[in-house]
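K.L.:
using only what follows, build the 3D model:
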Amino acid sequence: MVDNQPSGRYSILMAKKKQVDKILDAAGAVVHKHGIASLTIDGVAEKVGMSKGGVLHHYRTKDLLIEAMVQRTANQWREGFHKAYENTKEGPGRSARALLANCLSDAKAWTDELRDGSSALFAALAYDPKLIAPMRKVYRELHQHLADDDLPPGVAVTVLAAIDGMWLWWVLGLRKLDQSLVEQVRRVLESIVEELK
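P.N.:
Here you go, the predicted model:
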C-alpha cells in the first residue's frame, strides 16, 4: 500500500512557507498602502494576525524583512521566466517569446499580491539601495538570456523594456491593466519578434 500523505518534515516545511508567505504578503500590503516608513514589525504582525514574536521569529529586523520581500519577488520572477522558457518552442527569440508568454498572457496574473511585492522593490531601493541586489541579479541573468536569443541587437531587450514599462504603469497606478491592453501589446511585440527572427 502506498502512503500518499506528505512526510512530517515536509508538512512542517510547507506550513512554515505558508506562514512566511503570509508575513511577506502582509508586509507588501503595508508598504504599498502606507510606504516604507510605515513598515514596522508590529504593523506586519497586526496585519497578518500573529504576535510580534511570531514575526520576529522569522525576521529579526525590518531590514531582513525588506530583503526577504525583495528576494521572494526576485525568486518568483526567475522561476516564472524559467518555467515559461522551458515551455516555449526552441529557436530564435525563445527568451523573448517566453517573456511574452509569462508576462502578457493573462491580465488576471497581475494580482494585488504581485503589485504589493513589486512595491517593495521601489521601497527597498529608496530605503537602502543594497537591498535591491537580488533583483539586480535576476535582471543580469535575464539580460544574458536575451543577449543569447539569436535576434538582431535590441529586439529582445525591447520586449523586456515594453513589459517593464507596463509593469511600472501598473505598480504606480498610472494606467489600469486589462486583458485587451495586454493582448494588444503582446500581439505587437510578437509580430516584431516574428518578423525579425
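
K.L.:
please make it C-alpha for all contacts and neighbour counts, starting now.
P.N.:
Noted.

K.L.:
what strand or helix carries Pro134?
P.N.:
Using DSSP states H and E, the secondary-structure element containing Pro134 is helix 133-147.

K.L.:
where's that helix relative to the chain centroid, distance-wise?
P.N.:
Taking CA atoms, centre = their mean, to the nearest Å, one finds helix 133-147 lying 13 Å from the centre of the chain it belongs to.

K.L.:
contact partners for Ala96?
P.N.:
Going by CA atoms under 8 Å, 6 or more residues apart in numbering, Ala96 touches Leu146, Asp149, Ala156, Val159, Leu160, Val193.

K.L.:
turn the residues you listed into TSV, columns for neighbour count and pLDDT.
P.N.:
Converted to TSV, these look like this (neighbours: other CA atoms under 10 Å; pLDDT from 0 to 100):
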residue	neighbour count	pLDDT
Leu146	24	94
Asp149	21	92
Ala156	27	94
Val159	24	96
Leu160	20	95
Val193	21	93
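
K.L.:
for the top helix by length along the chain, the distance to its chain's centre please.
P.N.:
When every helix of the chain is counted residue by residue (DSSP state H), the longest turns out to be helix 8-34. Mean-position distance between helix 8-34 and its chain equals 15 Å (CA atoms, centre = their mean).

K.L.:
which residues touch Leu168?
P.N.:
For Leu168, the contact set (CA under 8 Å, 6+ apart) comprises Leu174.

K.L.:
what do you get for Arg78?
P.N.:
Arg78 is in contact with Val138, counting by CA under 8 Å, 6+ apart.

K.L.:
now swap in Leu121 and tell me
P.N.:
Leu121 makes contacts with Val70, Ile132, as judged by CA under 8 Å, 6+ apart.

K.L.:
helix or strand for it, which one?
P.N.:
Counting by DSSP H and E, the element that carries Leu121 is helix 112-127.

K.L.:
so which bits of that helix are buried?
P.N.:
Applying a neighbour-count criterion of 16 or more other CA atoms under 10 Å, the buried positions in helix 112-127 are 113-124, 127.

K.L.:
what does stretch 60-78 give?
P.N.:
Buried residues in stretch 60-78, counted by 16+ other CA under 10 Å: Leu65, Ile66, Glu67, Ala68, Met69, Val70, Gln71, Arg72, Thr73, Ala74, Trp77, Arg78.

K.L.:
TSV for these, including secondary structure and distance to His57?
P.N.:
Converted to TSV, the buried residues of stretch 60-78 look like this (DSSP: H, G, I helix; E, B strand; the rest coil; distance: CA to CA, whole Å):
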residue	secondary structure	distance to His57
Leu65	helix	11
Ile66	helix	15
Glu67	helix	15
Ala68	helix	14
Met69	helix	16
Val70	helix	19
Gln71	helix	18
Arg72	helix	18
Thr73	helix	21
Ala74	helix	23
Trp77	helix	26
Arg78	helix	27
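
K.L.:
ok, of those, which one's closest to Glu183?
P.N.:
Nearest to Glu183, judged by CA to CA, of the buried residues of stretch 60-78 is Trp77 at 20.4 Å.

K.L.:
how much space between that closest one and Val155?
P.N.:
Remark: distance between Trp77 and Val155 (CA to CA, to the nearest Å) = 21 Å.
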